[in-house]
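>>> Sequence plus the predicted model coming up.
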Amino acid sequence: MNNKTKLRWGILGAARINERLMPAIVEASNAELVAIASRRPGAAAQTLAQYAPQQQQVRTYDDLQTLLDDPEVDAIYLPMANHEHAEWTLRAIEHGKHVLCEKPMALTVTDIAAIKAAAQRHKVTVMEGFMYRFHPQHQRVQELIQSGIIGEVRSVRSSFSFMMKPARLYRLTESVENGGGAMWDIGCYAIHSARMFFNQSAVAVTAIAKYVDSGADITTSGIIDFGDGKYAHFDFSFERARRCEYEIIGTKGGIKCHNVWSMPSDVPVISWWTEDGQLGEEPLPTANHFRLEIEHFSACVLNGTAPKLSLEDAQANCQIIVAALQSSASGQRVKLG
């Protein structure tokens, strides 16, 4: 690496999420955007002009392989279609690139196992891109839990929904088997956040869903059984009013995060209550979790440290997603393990 203080990034794809991630890379203190590639002619240059017009030195490519071959790219951000994530993550790893792959990392646990093995073999860092986990509000929630104010965590409810706009209708053109639908777009967030507050592995999943003609789910609800009467309830939908929250219920009270997937300008709010009548509401400082994610990953690569979100975590999340899809298709409870 020529510059030990900054990680040199390339973006593999001109997806809409670049509206958030491209400026985050530019603004990060330990990152430098050096290239972007797309298979659509002119799309890389157009995306750069739209989201980072001041970055005139960034190279733009009209094919993905050229970016992978670029020796000045240290790390890849991969925002391609869900069903392409595993293939192109593996390709990037084989070219010696570190990879931040947009969620979901893959559609099968087997693919994530292959990514893990390849990352170890090529000695590169790979992480699934759940940007929300880097917002400080979730650390504050953990601090409240650790203080004992709500007792032992017994259940979590996570909810993520909004009325789908025409710009996102492409999410419903593919079946769930091919990475389409609400599950792979927003459901993975709801499941990931619901898992955050349990220290044990899930033992079973039950889910129900509404499907459209393509075989994509548009609404799904379910329960993750963690054993000993501990459950995570999740629901997400493209045909309900906006919700992006989780609530944790313990033996002595509860905590609610009111805007889990907040935008950088949103003021996050956490509220809590206890059975003995205490109430609290905490507005917290704004934060750009996209930039914090980029800075974290860059620091991990530059310093040789392990990322906050491990590939084991990615496998665990994928296992529950796949089980939920199996359950909703079969109408049966699906055991894990």
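Noted; the coordinates are in hand. Numbering: from 1, shown residues only.
>>> Run through who's touching stretch 60-67.
For stretch 60-67, the surrounding residues in contact (C-beta atoms under 8 Å, 6 or more residues apart in numbering) are 10, 12-13, 35-45, 48, 70, 73, 76, 88. (Glycine included, C-beta is placed from N, CA and C.)
>>> among these, which ones are buried?
Among these, those scoring as buried are 10, 12-13, 35-38, 43-45, 48, 70, 73, 76, 88 (criterion: 16 or more other C-beta atoms under 10 Å).
>>> Helices of the stretch 101-250 of the chain, residue ranges please.
In order along the chain, the stretch 101-250 of the chain carries the following helices (DSSP state H, counting those that start in this stretch): 109-122, 136-146, 182, 188-195.
>>> Mind naming the longest helix for the chain?
Counting residues, the longest helix found in the chain (DSSP state H) is helix 311-330.
>>> low pLDDT regions in this structure?
Screening the chain residue by residue with the criterion pLDDT under 70, one finds the ranges 1-3.
>>> In it, which residue is most central in space?
Nearest to the centroid of the C-alpha atoms of the chain, with distances taken as C-alpha atoms, centre = their mean, sits Phe130, at 2.4 Å.
>>> what's near enough to touch that one?
103, 189, 192, 309.
>>> got it, and Ala24?
Listed by C-beta under 8 Å, 6+ apart, the contact partners of Ala24 are 288, 290-291, 293-294.
>>> Could you export these as JSON lines, including neighbour count, distance to Val156 and secondary structure?
Written out in JSON lines, the entries for these read as follows (neighbours: other C-beta atoms under 10 Å; distance: C-beta to C-beta, whole Å; DSSP: H, G, I helix; E, B strand; the rest coil):
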{"residue": "Asn288", "neighbour count": "21", "distance to Val156": "25", "secondary structure": "coil"}
{"residue": "Phe290", "neighbour count": "25", "distance to Val156": "24", "secondary structure": "helix"}
{"residue": "Arg291", "neighbour count": "22", "distance to Val156": "27", "secondary structure": "helix"}
{"residue": "Glu293", "neighbour count": "26", "distance to Val156": "22", "secondary structure": "helix"}
{"residue": "Ile294", "neighbour count": "30", "distance to Val156": "28", "secondary structure": "helix"}
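>>> Nearest to Val267, out of those residues: which one, please.
When those are compared for distance to Val267 (C-beta to C-beta), Asn288 wins out at 13.1 Å.
>>> nearest residue to that closest one other than its sequence neighbours?
Ranked by C-beta to C-beta, 6 or more residues apart in numbering and with sequence neighbours excluded, the top spatial neighbour of Asn288 is Pro264, at 3.8 Å.
>>> Backbone dihedrals for that neighbour, both of them.
Geometry field for Pro264 lists phi and psi as phi -60, psi -30, criterion degrees, to the nearest 10.
>>> Could you count how many residues lie near it?
Under the neighbour criterion other C-beta atoms under 10 Å, Pro264 is assigned a count of 16.
>>> next one: Glu295
Residue crowding around Glu295 was assessed by other C-beta under 10 Å; the count is 20.
>>> Next up, the contacts around it.
When contacts are counted by C-beta under 8 Å, 6+ apart, Glu295 is found next to 28-31.
>>> Likewise for Lys256?
Taking C-beta under 8 Å, 6+ apart as the criterion, Lys256 is in contact with 245-248, 270-272.
>>> quick one: which of these sit in strands?
Among these, DSSP state E puts 245-248, 270-272 in strands.
>>> Could you pull out the strands in the stretch 101-250 of the chain for me?
Counting by DSSP state E, counting those that start in this stretch, the stretch 101-250 of the chain has strands at residues 126-129, 153-161, 204-211, 217-225, 231-237, 243-250.
>>> and the first one, what does it pack onto?
Put plainly, it is strand 126-129. Using 3 or more C-beta pairs under 8 Å, 6 or more residues apart in numbering; DSSP states H and E as the contact definition, the elements that strand 126-129 packs against are strand 98-102, helix 109-122, helix 289-303, helix 311-330.
>>> Direction included, what does the first one pair against?
Spelled out, it's strand 98-102. Within its sheet, and counting by DSSP bridges, strand 98-102 is paired with strand 75-78 (parallel), strand 126-129 (parallel).
>>> In a markdown table: those, plus distance to Asn18.
Formatted as a markdown table, the strands paired with strand 98-102 follow (distance: least, C-beta to C-beta, whole Å):
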| stretch | distance to Asn18 |
| --- | --- |
| strand 75-78 | 9 |
| strand 126-129 | 12 |
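>>> what's the closest of the ones you listed to Leu302?
Taking the strands paired with strand 98-102 one by one with C-beta to C-beta, strand 75-78 is closest: 10.0 Å.
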